[in-house]
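>>> model this:
(chains A and B)
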Amino acid sequence: MTETRHININVPVLARVEGEGALELSIRNHRIEDLKLRIYEPPRLFEKFLEGRSYHEVPDIVARICGICPVAYQMSAVHAIEQIFACDPGPWVRSMRRVIYCGEWMESHSLHIHLLAAPDFMGYGSAPEMARDYPDEVRRGLRLQALGNELIRFLGGRSVHPVGVRVGGFHHAPDMNEAVRMRAKLKSALPEAEALIAWTAALDLPDNPQQFITVSLRHDDEYPMNEGRLISSSGLDITIDEFENHIVEHQVPHSTALHALLNGTPYLAGPLARLNLNMDRLPRTVKERLDSTGMAFPSRNMFHSIVARAVEIYYAMIEAIRILDEYEIPESPYVKVIPRGGTGYGCTEAPRGLLWHRYELNEQGDVQKAAIVPPTSQNQARIEEDLRESLQAYGLDRSDDEIRLFGEKIIRNYDPCISCSTHFLKVNIRRQ
Amino acid sequence: MLHTFSQGEYPAAVTAIRIIGIGSPFGDDQLGWYVADALKHSCYLDHLSQQQLSYIKTDRPGAGLVELLRGADLVILIDAMESGDLPGTVRRFEDNEIENAAIPLSSHGFGVASALALAQALNDITARIILYGIEAHKMSSASPLPEVNKCTLSQGDINVIAQKIAADISLSGV
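Presented below is the predicted three-dimensional model:
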């Protein structure tokens, strides 16, 4: 006997013209027979949009790819193009790129923790529902998110699709008063970030250890953001130029988002992967704060990602303060570049994980080809793997609603940059 | 790829009356911005001074919308809508109608309805809020590439929509 149930969670009226996610689950004799995370995205086509464009247009174009992590796209792009031009923008630009990235980690992680993930762990259907009972925690999230946005505006001019980044540096250097004000705001908000780590660690997170490969950047002496080698928990240690020799994207029939595999195996990118692989790169103050939670890291529990995000918010604030403590007005906020042809690579740590770019430019600096591998694409196969293991362990005899909710919780935990991270998951369960 | 989104992201959100165009730089999702621009450059609301009324254009503000509402007496939100009506159709929502009508589809699932619900849950916002939804052409993956970033309504259509909204705002006692 076949029982098919369709649960439509929502019917949209006001449109931001986004995609949607669906989970298709086929269960036979209490075992998962088939599981597909179906992803529909709006037409992106950015790699094609970039062809024929001049190098100087690239930072503004790629910033449009995501409203939450535009800085990541800009950073990966400018590093790749500067590699082609053999351009070293110098220490001021390098530091300020870390500062603007800190802002993005703060705003993105704060949004995810408080408004998307926390309701799952606190037993609420949505952030507004949770806000009625926990208004102070939600306000804290909004404040930290707003502060992250302000840090992006500080260098980027605006927080959504910032316009301050250029190949060679920034269009504008903030004046000293702005830097002093920004630093003071960050310092005064540190207690909130410290409290956030303790709060996330105290959440009733599912105990769900799994075996998975983690991949992140690794820098000689810093917690990774813009630079480093690519390493994994399985022994990978390569330059970013070698990315395509080991990580291959492929299309699956059920998703418009490409799946990426590391030497044929699913892997995790993102805050938990970064933290697991770079614990020894955290400043002492951050490490002590993490140790005070009593939690064991590196962690094999994917649900500890929310704690990793809180730790990275705190780190981002400490790092931005450290840099702004020594802020000086530069002679120029950018170096002039001389276009030339070639192939360049950029790989930086977006809030959700590795964001890899490759550009081929002609002698005038016009884009001939572009390849962009976002973190969500890299995590797709891992999400499906996690769903398969976790739902089986959770119990497939449970109601459709229970399975749907747990499935959504697992997917949201990855903070995927697609609509399925919202409450729009449609679940089609076929029981046999 | 560039669009008319102003440099100032949240300019002067201190007036009692605020007209907020919400959108993204993709196709008809820019309708909220274009209609806000059309209102600003028209004479429909000239009886209100700059100290009383401000215009804001914002790109998928998510929870940031809560801050844009703070301290206002009246907020007019203008956003693209996809409900199956004819493109250009204007629908007006107020109070609970917004919660029921505005389904969040924005980046990372935090859209207008979520932001308004959050503001209400936090008891932070006292403004009267009116939402105008403007029916958009559905953007499909089959759209020809040059059409992806174009708004399908003409400037004349947008001006007519702005006129309708201005008349309705005036009837609301503003």
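
>>> per-residue confidence averaged over the helix or strand containing residue A:150?
Here residue A:150 sits within helix A:135-156, counting by DSSP states H and E. What helix A:135-156 shows for mean pLDDT is 94.

>>> Any idea how far it is from the middle of the chain?
With C-alpha atoms, centre = their mean, to the nearest Å as the basis, helix A:135-156 stands 17 Å off its chain's centre.

>>> and the top helix by length along chain B with chain A, contact?
Determined from DSSP state H, the single longest helix within chain B is helix B:155-171. No: using C-beta under 8 Å from any C-beta of the partner chain, helix B:155-171 stays clear of chain A, with a minimum separation of 15.7 Å. (C-beta placed from N, C-alpha, C; glycine too.)

>>> about what we covered before: how about the helix holding residue A:150 against chain B, any contact?
Yes: Helix A:135-156 reaches chain B (C-beta under 8 Å from any C-beta) through A:135, A:138, A:139, A:142, A:145, A:146, A:149, A:153.

>>> what's the spacing between the spatially most central residue of chain A and residue A:271?
Closest residue to the average C-alpha location of chain A: residue A:352 at 1.5 Å, with C-alpha atoms, centre = their mean. Residue A:352 is 8 Å from residue A:271, where distance means C-beta to C-beta, to the nearest Å.

>>> Which secondary structure state does the spatially most central residue of chain B sit in?
In chain B, the centroid-proximal residue (C-alpha atoms, centre = their mean) is residue B:78; its distance is 2.0 Å. Here residue B:78 is recorded as strand under DSSP: H, G, I helix; E, B strand; the rest coil.

>>> Setting aside sequence neighbours, what's the nearest residue to it?
Leaving aside its sequence neighbours, residue B:78 sits nearest to residue B:32 (C-beta to C-beta, 6 or more residues apart in numbering or on different chains; 4.5 Å).

>>> and residue A:241, how far is that from residue A:346?
10 Å.

>>> Neighbour count for these two, which is higher?
The neighbour comparison of residue A:241 against residue A:346 (other C-beta atoms under 10 Å in any protein chain shown) goes to residue A:346, with 24 against 14.

>>> Which strands and helices lie in contact with the helix or strand where residue A:193 lies?
Using DSSP H and E, residue A:193 maps to helix A:176-201. Applying 3 or more C-beta pairs under 8 Å, 6 or more residues apart in numbering or on different chains; DSSP states H and E, we find helix A:176-201 packed against helix A:135-156, helix A:284-291, helix A:305-325.

>>> so what pLDDT did residue 22 get?
If you meant another chain, say so; for now it's chain A. On pLDDT, residue A:22 comes in at 71.

>>> my bad, the chain I had in mind was chain B
So residue B:22 comes in at 90 (pLDDT).

>>> and it, how far is that from chain A?
Between residue B:22 and chain A the computed distance is 9 Å (C-beta to the nearest C-beta, to the nearest Å).

>>> Who does that residue form a beta bridge with?
With beta bridges defined as DSSP bridges, residue B:22 has these partners: residue B:58.

>>> Might you report the residue contacts of it?
B:32, B:33, B:58, B:60, B:61, B:65, B:77, B:78, B:79, B:80, B:112 (C-beta atoms under 8 Å, 6 or more residues apart in numbering or on different chains).

>>> and the third one, how far is that from residue B:65?
Distance of residue B:58 to residue B:65, given as C-beta to C-beta: 7 Å.
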